[in-house]
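S.K.: No sequence on hand, only this structure:
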């Protein structure tokens, strides 16, 4: 099976400093590493704004998928790591998800964690997409 690293220019290139690829396409499946609220230079966006961090993380996923020939509705699985599970009850959280997914609802696991890599990060989202 062919494997290809996906490296979009509009997403932070984590390979050199952090030793991980943002995504790998293996056959018709794309595995997207956990995305956080950083811009293409690795700078934190939406400090203290949970919904803003959700949107930036999803925007990074969308950019990665597009570079790999996929779209958000190709996602079959999301894993979300949150600093506080109470964020899941916020209306703005679901509004942000609907902005990116529309009527498509992928499977999902949400886990509260003690800490994320970066003290100001509130959420990290990873995804698996299957391209037809």
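M.R.: Here it is on my side, so go on. Keep in mind that what you see is a predicted model, and the values were worked out from it rather than measured.

S.K.: Please count neighbours and contacts with C-alpha atoms only from this point.
M.R.: Fine.

S.K.: Tell me the helix or strand right after the longest helix along the chain.
M.R.: Longest helix in the chain by number of residues, with DSSP state H as the criterion: helix 50-67. Going down the chain from helix 50-67, the next helix or strand is strand 75-82, by DSSP states H and E.

S.K.: just to revisit the earlier point, and the contacts of the longest helix of the chain?
M.R.: Contact partners of helix 50-67, identified using CA atoms under 8 Å, 6 or more residues apart in numbering, comprise 6-8, 10-11, 22-23, 30, 32, 35-39, 45-47, 71-72, 87, 92-93, 96-97, 100, 121-127.

S.K.: just stretch 32-41 next, same as before
M.R.: Residues outside stretch 32-41 that contact it (CA under 8 Å, 6+ apart): 9-13, 21-24, 44-46, 52-58, 60-61, 64, 121, 123-128.

S.K.: ok, back up a step: and the longest helix of the chain, what's its mean pLDDT?
M.R.: Average pLDDT, helix 50-67: 98.

S.K.: Likewise for stretch 106-121?
M.R.: 93.

S.K.: repeat for stretch 92-100
M.R.: Mean per-residue pLDDT for stretch 92-100: 95.

S.K.: All the strands of this protein, in order from the start?
M.R.: Ranges of strands in the chain, per DSSP state E, are 3-6, 23-26, 29-35, 75-82, 107-112, 123-130.

S.K.: is it possible to export those strands to CSV including mean neighbour count and distance to residue 17?
M.R.: Conversion of those to CSV gives the following (neighbours: other CA atoms under 10 Å; distance: least, CA to CA, whole Å):
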stretch, mean neighbour count, distance to residue 17
strand 3-6, 15, 16
strand 23-26, 20, 16
strand 29-35, 21, 15
strand 75-82, 20, 22
strand 107-112, 13, 26
strand 123-130, 22, 19
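
S.K.: Perfect, I'm done here.
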